[in-house]
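Enquirer: Model the structure of this input:
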Amino acid sequence: MNLFIVSDIHGMYKQFEEILQHWDGESQLVILGDMIDRGEYSYEVVQRVMDLQQQHPEKVIVMKGNHEDMLMYYVDGRMKDPTPFLVNGGLEMLRSFIKDLDEGAVEQNATILRTQFEAEIEFLRKARHYYQYGNLLITHAGFDSSLEDWQNTSTQDFLWIRNHYKEENKTGLINIFGHTPTRNMHEVDDIWVSPSGTYIGIDGGCAYGGQLNALLISEQGEVLNTFVVCSAKETESKE
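Expert: Residues are numbered from 1 along each chain as shown. Below is the predicted model:
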């Protein structure tokens with residue numbers, strides 16, 4: 001089976017809907033996390049992904065990103081200072097979920113999310129930390145490439161690690177990841193493939209004025225196609 005992989009939607013609902021037009025419904029749809037924050041439509045993105053998984057339970061795989069992780073800390077009251085969450089797109093996320101938001105009512109807003117949006121919060125809470133399929137190792141951020149066994153990677157690193165792709169990939173698998181914008185790897189927002197072919201970064205930085213990327217790849221690791229939706233909503237297919 002082929003996989004259609006999208007990452008770091010960050011509340012960019014219109015771009016997400018546009019990229020979904022290229023999903024054939026037969027390939028597995030894999031969402032690599034960071035569905036929320038930064039963009040204006042976190043709630044709509046989460047609802048759309050929930051609907052897709054309900055309609056296609058065997059075809060839609062949902063991963064957790066570091067922004068979903070921050071949200072869980074906030075909702076559960078485990079965040080001593082919510083400022084990092086709020087300034088990194090959390091405020092936009094709250095505006096999307098809670099109408100007539102009181103931005104200063106930090107604890108109250110967490111309670112509202114926990115009680116009035118229980119289904120959405122639990123959906124995000126239960127998202128996967130990694131997904132192995134065929135020759136592919138799919139993660140939000142990456143894995144600890146210094147380990148002999150990648151499965152010993154901590155939850156924190158699956159969601160938050162940076163620069164792992166600069167080290168040798170010893171897994172024997174192709175790691176597909178988001179989290180780090182590809183412009184940090186090759187100065188453009190297109191999908192990045194390492195010289196060895198063992199790492200593929202797909203975060204096009206859509207919420208930063210870049211683009212939303214999708215990757216169509218076989219379970220053996222052959223890149224079949226890539227799709228791009230720019231922030232300006234222009235779409236193109238790259239064979």
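Enquirer: need the contact list for the nearest residue to Lys64 once chain neighbours are set aside.
Expert: Spatial nearest neighbour of Lys64, chain neighbours left out: Ala127 (3.8 Å); criterion: C-beta to C-beta, 6 or more residues apart in numbering. To be clear about C-beta, it is placed using only N, CA and C from the backbone, and glycine gets the same treatment. Applying C-beta atoms under 8 Å, 6 or more residues apart in numbering, we find Ala127 in contact with Gly33, Val62, Met63, Lys64, Glu68.
Enquirer: and the second one, bridged to which residues?
Expert: Counting by DSSP bridges, Val62 is bridged to Ile31.
Enquirer: ok, back up a step: ok, now how distant is the residue nearest to Lys64 from Leu101?
Expert: Distance of Ala127 to Leu101, given as C-beta to C-beta, to the nearest Å: 24 Å.
Enquirer: so when I look at Gln156, I'm seeing a strand, right?
Expert: No - using DSSP: H, G, I helix; E, B strand; the rest coil, the secondary structure at Gln156 is helix, not a strand.
Enquirer: number of nearby residues for it?
Expert: 13 (other C-beta atoms under 10 Å).
Enquirer: What's the per-residue pLDDT of it here?
Expert: Per-residue pLDDT puts Gln156 at 97.
Enquirer: Now which of the contacts of Ala127 would you call buried?
Expert: Buried residues within the contacts of Ala127, counting neighbours by 16 or more other C-beta atoms under 10 Å: Gly33, Val62, Met63, Lys64, Glu68.
Enquirer: Could you find the closest non-adjacent residue to the third one?
Expert: Spatially, and ignoring its direct neighbours in sequence, Met63 is nearest to Gly33 (4.4 Å; C-beta to C-beta, 6+ apart).
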